[in-house]
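>>> sequence first, predicted model second:
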2 protein chains.
Amino acid sequence: MVNIKDVAKIAGCSISTVSYALNDDKRIPEVTASRIRKIADDIGYLPLAAARNLKKRNSNTVLVAISDFGGPVYHELLDGIHQELTKHGYTMIVSTGSSTDNLLKERMADGTIISDINISNQTLIQISKILKPIIILDRKVHDTDIVDMTIDNYDAMYRLTEDVISKGYQKIAYCHGVKKTHDNEYRFKGFLDALKKHDLNISDEYVGNFTKQSGSKIAKKLIKTNQIPEMIVCSNDEMAIGIMEVLQESGYNIPNDIGVSGFDDIELASYCIPKLSSVRINRFEWGRKIAVTMLSLLKKHKTDVHKEQGELKIRDSY
Amino acid sequence: MVNIKDVAKIAGCSISTVSYALNDDKRIPEVTASRIRKIADDIGYLPLAAARNLKKRNSNTVLVAISDFGGPVYHELLDGIHQELTKHGYTMIVSTGSSTDNLLKERMADGTIISDINISNQTLIQISKILKPIIILDRKVHDTDIVDMTIDNYDAMYRLTEDVISKGYQKIAYCHGVKKTHDNEYRFKGFLDALKKHDLNISDEYVGNFTKQSGSKIAKKLIKTNQIPEMIVCSNDEMAIGIMEVLQESGYNIPNDIGVSGFDDIELASYCIPKLSSVRINRFEWGRKIAVTMLSLLKKHKTDVHKEQGELKIRDSY
DNA sequence: GTGAAAGCGCTAACAC
DNA sequence: GTGTTAGCGCTTTCAC
């Protein structure tokens, strides 16, 4: 493997001169520098990250840890983060599961952005002691070393619920996702508060796990027990779609017999019939803002933290 | 930042003993080892990747470079790769765009799996000199250092086309994706050969770019010029869905007036109306096999390379 | 069973 | 403007 010594030998100079030349140090005159660059190029020399990172004590890399590569929601977010990060010379790496654990522990990245409910608060706080900055997207953590940039779930769901109420619905049920997650909690809270504001009570509540299957299961039970409300506000789109499908298979007309709403505005929301009313998050913009915050954290600047807002997408499902 | 020296100091031993203890070297008696582990734990010591990687000249990491995080096709593939890799103690990192370039050059990973048409053959071959093994998923490269594990596009499209023909279609057109890509070329070749086998000629060909929008555009032109074939075989699902939508908006009935087929079997293929006939690739399995190959390459074993087969999913669109 | 020490490839302070 | 050298944090050889 060719290293800096090889370049120096061929160039007939010391390794420091090579290092300077390759790092555009102004002390090296352009003639020398370009000659050295040429040699490096010819023999295919490229600095080794491990050595450079060890010496410089940073890696110019930001890790984004997500819970899985599936799901329709991460893509725009990652694109947004990536665009902003690379624009400023940073490298973005993405990981899941146990790979994330390893990368975190070994401090492979200078900064970390986490959206992974599988990582416990305890691990998070442990990691935050040896590795900062950390931005977290899927919960709030009471730790000064971790900044949270969750979306404004509360506000968006509040507004969606008000819209539902304005359409005249009264018996409104809520379909939870995984219960203790930040997304679910704050969406539910927004829902409840909007209800309260209009002197309504929650008609019923069900607990799913954010998957379509869990929505289907809930709908089947509702049909069996004949406990159909006028409207079901769901914690996300996938459950809403599962519910709609089963309801329709049993002859219910949506929105005439019962209304359904989702959250996230996944692609399918515009394809299913009827088109699902939902909340759209501009995840690309959200990602960009996250990256901007990360960049400024990396420079140890104090930054005020932005909360991404949702946009109501009212379609045909209620 | 706490390092191995700190642990040694507290334990009252040398750093080599700490290193041995933490790496489960059998020379260190369990009492000593567990005492040292305890201390390391207490003060939050974790070995730094950069230092370990530099010394050991590897990183226990495999990089997967993809063209984007969007698109419905990568998720299962990544899950498959990840499962197998982590099962064997490796860490997987994922990257796109310019981040990939940096990671490749700096040799952040021991092995690389690439599915990114934006990386030129030239770059690929340059990289393959300093960094191996490399597995490539989106093309064939004539270089002994790069092993390709593309899916068997040819065979799957051949079989799909035969099925189309068996249904009685005669005027069959082809809708290309990005033309010089491996996926497109081999699918098209399979299509043509199946036609030839049954003494049929291609009725027409269109060129899209694998996106739904490009499909829509093509369909619009077909309608305007009134050049509608009996059947359009598409290089992927997204174009097929774009074509179907526009055709339907103009009053054509699918499959009665015209048949359409896709490739990839994305989630939407089972949701659109009519449900799209397509080719399913078990990308999770494919990913697992890729990882197995990578693992054996990493151990410098000779490996014979598997070609993942597609499964016909004949639904309602022709 | 434990420790001293070399050295991985690089950057940067310092000397000239 | 260029070279010498220390040292980043770790693993591992070799000596004891």
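Happy to help now that I have it.

>>> from here on, just use CA atoms for contacts and neighbour counts.
OK.

>>> please name the nearest non-neighbouring residue to residue A:40.
residue A:7 (5.9 Å; Cα to Cα, 6 or more residues apart in numbering or on different chains).

>>> what's near enough to touch the one you found?
A:15, A:18, A:36, A:39-40, A:43, A:45 (Cα atoms under 8 Å, 6 or more residues apart in numbering or on different chains).

>>> pull the number of nearby residues for residue A:175.
28 (other Cα atoms under 10 Å in any protein chain shown).

>>> which elements pack onto the helix or strand it falls within?
When elements are assigned from DSSP states H and E, residue A:175 belongs to strand A:172-176. Packed against strand A:172-176 by the contact rule (3 or more Cα pairs under 8 Å, 6 or more residues apart in numbering or on different chains; DSSP states H and E) you find helix A:182-197, strand A:204-207, strand A:231-234.

>>> of those, which is nearest DNA strand C?
helix A:182-197 (40.8 Å; Cα to the nearest atom of the strand).

>>> around DNA strand D, pick out the residues from chain A.
A:12-17, A:27-29, A:32, A:51, A:54-55, A:57 (Cα under 7 Å from any atom of the strand).

>>> and residue A:169, how far is that from DNA strand C?
64 Å (Cα to the nearest atom of the strand, to the nearest Å).

>>> swap that for residue A:262, sorry
Taking Cα to the nearest atom of the strand, one finds residue A:262 at 50 Å from DNA strand C.

>>> could you do residue A:281 as well?
Separation of residue A:281 from DNA strand C (Cα to the nearest atom of the strand): 40 Å.

>>> if I read this right, that residue contacts residue A:309, doesn't it?
Yes - with contact defined as Cα atoms under 8 Å, residue A:281 counts as touching residue A:309 (6.7 Å).

>>> of those two, which one has the most company?
Between residue A:281 and residue A:309, counted using other Cα under 10 Å, the more crowded position is residue A:281 (24 against 19).

>>> what sits closest to that one if chain neighbours are left out?
residue A:310 (4.7 Å).

>>> I figured residue A:125 hits residue A:143, correct?
Yes - assessed by Cα under 8 Å, residue A:125 is found in contact with residue A:143 at 7.2 Å.

>>> quick one on the thing from earlier: now the strand holding residue A:175 against helix A:182-197, angle please.
Inter-element angle recorded for strand A:172-176 and helix A:182-197: 170 degrees (by axes from the mean of the first three to the mean of the last three Cα atoms, to 10 degrees).

>>> could you see whether chain B lies near stretch A:11-30?
No - judged by Cα under 8 Å from any Cα of the partner chain, stretch A:11-30 stays clear of chain B, getting no closer than 14.0 Å.

>>> same question for stretch A:232-245.
No - judged by Cα under 8 Å from any Cα, stretch A:232-245 stays clear of chain B, getting no closer than 10.8 Å.

>>> now that stretch, how far from the centre of its chain.
How far stretch A:232-245 lies from its chain's middle: 21 Å, per Cα atoms, centre = their mean, to the nearest Å.

>>> what about it, average pLDDT?
Mean pLDDT, computed over stretch A:232-245, is 97.

>>> can you check stretch A:78-93 too?
pLDDT averaged over stretch A:78-93 gives 97.

>>> next one: stretch A:11-28
95.

>>> measure it end to end?
The first residue of stretch A:11-28 is 14 Å away from its last residue (Cα to Cα, to the nearest Å).

>>> list the contacts for the residue nearest to residue A:54 when sequence neighbours are not counted?
What sits nearest to residue A:54 in space, not counting adjacent residues and going by Cα to Cα, 6+ apart, is residue B:50, at 5.2 Å. Taking Cα under 8 Å, 6+ apart, we find residue B:50 in contact with A:49-51, A:53-54, A:108.

>>> before we move on, what about residue A:41?
Under the criterion of Cα under 8 Å, 6+ apart, residue A:41 has no neighbours.

>>> name the element it belongs to?
Element membership for residue A:41 (DSSP H and E) is helix A:30-43.

>>> now the contacts of residue A:7 in a markdown table, with neighbour count?
Below are the contacts of residue A:7 laid out as a markdown table (neighbours: other Cα atoms under 10 Å in any protein chain shown):
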| residue | neighbour count |
| --- | --- |
| A:15 | 17 |
| A:18 | 24 |
| A:36 | 24 |
| A:39 | 17 |
| A:40 | 23 |
| A:43 | 13 |
| A:45 | 18 |
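
>>> got the CA positions of the helix or strand bottoming out on mean pLDDT in chain A in CSV?
One helix or strand of chain A scores below all others by mean pLDDT, DSSP states H and E: helix A:121-130, with a mean of 89. What follows is helix A:121-130, C-alpha atoms only, in CSV (Å, rounded to 0.1, in the frame of the first residue of the first chain):
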residue,chain,number,x,y,z
ASN,A,121,-31.7,6.8,26.8
GLN,A,122,-29.0,5.2,28.9
THR,A,123,-26.8,4.3,26.0
LEU,A,124,-27.4,7.8,24.6
ILE,A,125,-26.3,9.5,27.7
GLN,A,126,-23.2,7.2,28.1
ILE,A,127,-22.3,8.0,24.5
SER,A,128,-22.8,11.7,24.9
LYS,A,129,-20.0,11.7,27.5
ILE,A,130,-17.4,10.6,25.0
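
>>> for the stretch 51-200 of chain A, which spans come out with low pLDDT?
A:71-72 (pLDDT under 70).

>>> need the residues of it near chain B, please.
A:51, A:53-54, A:68-70, A:74-76, A:78-79, A:86, A:90-95, A:98-100, A:102-103, A:105-108, A:126, A:130.

>>> what about burial for the residues you listed, which qualify?
By neighbour count, with 16 or more other Cα atoms under 10 Å in any protein chain shown, those hold A:51, A:53-54, A:68-70, A:74-76, A:78-79, A:86, A:90-95, A:98-100, A:102-103, A:105-108, A:130 as buried.

>>> hang on, the earlier thing: just checking: which of the contacts of residue A:7 also lie near DNA strand C?
When contact is defined as Cα under 7 Å from any atom of the strand, the contacts of residue A:7 meet DNA strand C at residue A:15.

>>> from the contacts of residue A:7, which two are the most distant?
A:15 and A:43 (15.3 Å; Cα to Cα).

>>> show me where the stretch 51-200 of chain A has its helices.
With helices called from DSSP state H, counting those that start in this stretch, the stretch 51-200 of chain A shows them at A:74-87, A:97-105, A:121-130, A:153-166, A:182-197.

>>> done for today, thanks.
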